[in-house]
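# How does the following fold in three dimensions:
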Amino acid sequence: MRPGPLNLITDVAGLRVGNAQSDTIRTGTTVLLGDRPFVAGVNVMGGAPGTRETDLLAPDKMVQEVDALVLSGGSAFGLDAGGGVADGLRTMGRGFAVGDQRVPIVPGAILFDLLNGGDKTWDRNPYGDLGRAALAAAETTFDLGSVGAGFGATTMDLAGGLGSASCVLDCGITVGALVAVNALGRTCDDEGRFLAQPFELASEFGGGAPGALDPALEPYGNRQPGQSTTIAIVATDAVLTQAQATRLATAAQDGMARAIQPSHTPMDGDLVFAAATGAVPLPDPIWDALRLGHAAATCLSRAIARGVHAARLQGGPLPTWTDRFGRRKTD
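As a prediction, the model looks like this:
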């Protein structure tokens, strides 16, 4: 297993990512766009999710492909970002054909970032515009850290951020992850060593020794119910059914649990989408499906650490990893 050329989810050919954010509101939106519709699944393990159009991702539903996936800040207000993306896609002629109409299929999920110091006194929901702007900005390369849906995100003790990572399997299949880290729990120990360190490739988030949390640490900090949520997408160029994509999303949740402690609590909405572009058949449908799940979990762990490591937003309620640990010495 090795990183892809960009070490981003867009190493999966045919996918692009767009980000838009507001310095004033301290929030943002991220869009994963396919060159063509792609198979998608979802798994929700947090107890307080906020979602759009996730029911249609069940394998027994009529629509088997989507046009885009959206991750957004803003809590329930942020669900409007999906509407902005759908509007933009419709003007592009994209969407599920119903007679002479096109209906873009745009599932999405949101995180809570309403208490991060930004000005939230809007009189018109800003997330539709942010969604449309993120769609217009979709490219194969994009920044990590304080951008898009990760712009105003936080963890228990550090600024959160947008992270991504990829890997290429020996069979030639590519897997990638994209995540907005807004965790109830921690991603580092008290020395700044990431919990995901055992899975690091090429010193992509500092190259420190594996971290471990003090088991006596109170894990919830000052968070209240509903004030967190880490939302993610894992993607592959493999040919998958919607049922297999759902299983991929489920397997990827292990990566979240390895990189964030605690994860999947009753107080957050932790969620993973899976996307499959269908360009490469699985050489071995049984064993390669297993390898895909492991790769997705590993990529998601790495993406979480990369998002926190790259955060640079100043003036927020919590320091960035660089502010707190950037000058520490690593062995």
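
# What are the neighbouring residues in contact with residue 52?
Contacts for residue 52 (C-beta atoms under 8 Å, 6 or more residues apart in numbering) come out as 70, 79, 82, 106-109. Any C-beta I mention is one placed from the backbone N, CA and C, and that applies to glycine too.

# give me the beta-bridge partners of it?
Note on residue 52: beta-bridge partners residue 108, judged by DSSP bridges.

# coming back round to it: and which of the contacts of residue 52 is nearest to residue 193?
Nearest to residue 193 among the contacts of residue 52: residue 109, at 28.9 Å, using C-beta to C-beta.

# Identify the residues contacting the residue nearest to the closest one when sequence neighbours are not counted.
Distance criterion C-beta to C-beta, 6 or more residues apart in numbering; nearest residue to residue 109, sequence neighbours excluded, is residue 231 at 4.4 Å. If you count contacts by C-beta under 8 Å, 6+ apart, residue 231 has them with 71, 109-111, 149, 179-180, 182, 269-272.

# Make a markdown table out of those and add neighbour count.
Converted to a markdown table, the contacts of residue 231 look like this (neighbours: other C-beta atoms under 10 Å):
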| residue | neighbour count |
| --- | --- |
| 71 | 32 |
| 109 | 31 |
| 110 | 31 |
| 111 | 32 |
| 149 | 37 |
| 179 | 38 |
| 180 | 34 |
| 182 | 29 |
| 269 | 25 |
| 270 | 29 |
| 271 | 27 |
| 272 | 29 |
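
# Let's see which of these end up in strands.
Of those, the ones assigned to strands by DSSP state E are 71, 109-110, 179-180, 271-272.

# how much space between residue 326 and residue 254?
Taking C-beta to C-beta, to the nearest Å as the measure, residue 326 falls 29 Å from residue 254.

# Looking at the two, which has the bigger crowd around it?
Using other C-beta atoms under 10 Å, the more surrounded residue of residue 326 and residue 254 is residue 254, with 18 against 12.

# Would you check that that one makes contact with residue 299?
No: using C-beta atoms under 8 Å, residue 254 is not in contact with residue 299, being 11.3 Å away.

# Could you report the pLDDT at residue 327?
Predicted confidence (pLDDT) for residue 327: 62.

# again, but for the one 3 residues further on
Per-residue pLDDT puts residue 330 at 44.

# try residue 24
On pLDDT, residue 24 comes in at 94.

# part of a helix, is it?
No: per DSSP: H, G, I helix; E, B strand; the rest coil, residue 24 lies outside any helix segment and is coil.

# neighbours around residue 283, how many?
Applying other C-beta under 10 Å, we find 13 residues neighbouring residue 283.

# Leaving out the residues flanking it, which one is nearest to it?
Nearest-residue entry for residue 283: residue 171, 5.1 Å, with adjacent residues in sequence omitted and distances by C-beta to C-beta, 6+ apart.

# so the one you found makes contact with residue 285?
No: taking contacts as C-beta under 8 Å, residue 171 lies outside contact range of residue 285: 11.7 Å.

# Run through the helices of the stretch 101-250 of the chain in chain order.
Per DSSP state H, counting those that start in this stretch, the stretch 101-250 of the chain carries helices over the ranges 127-136, 242-259.

# how about these in JSON lines, adding mean pLDDT?
Listed next are the helices of the stretch 101-250 of the chain as JSON lines, based on pLDDT from 0 to 100:
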{"stretch": "helix 127-136", "mean pLDDT": "98"}
{"stretch": "helix 242-259", "mean pLDDT": "96"}
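
# If you count neighbours, what's buried in the helix ranked longest in the chain?
Longest helix of the chain, by residue count under DSSP state H: helix 287-310. Neighbour-count burial for helix 287-310, with 16 or more other C-beta atoms under 10 Å as criterion, is recorded at 288-289, 291-310.
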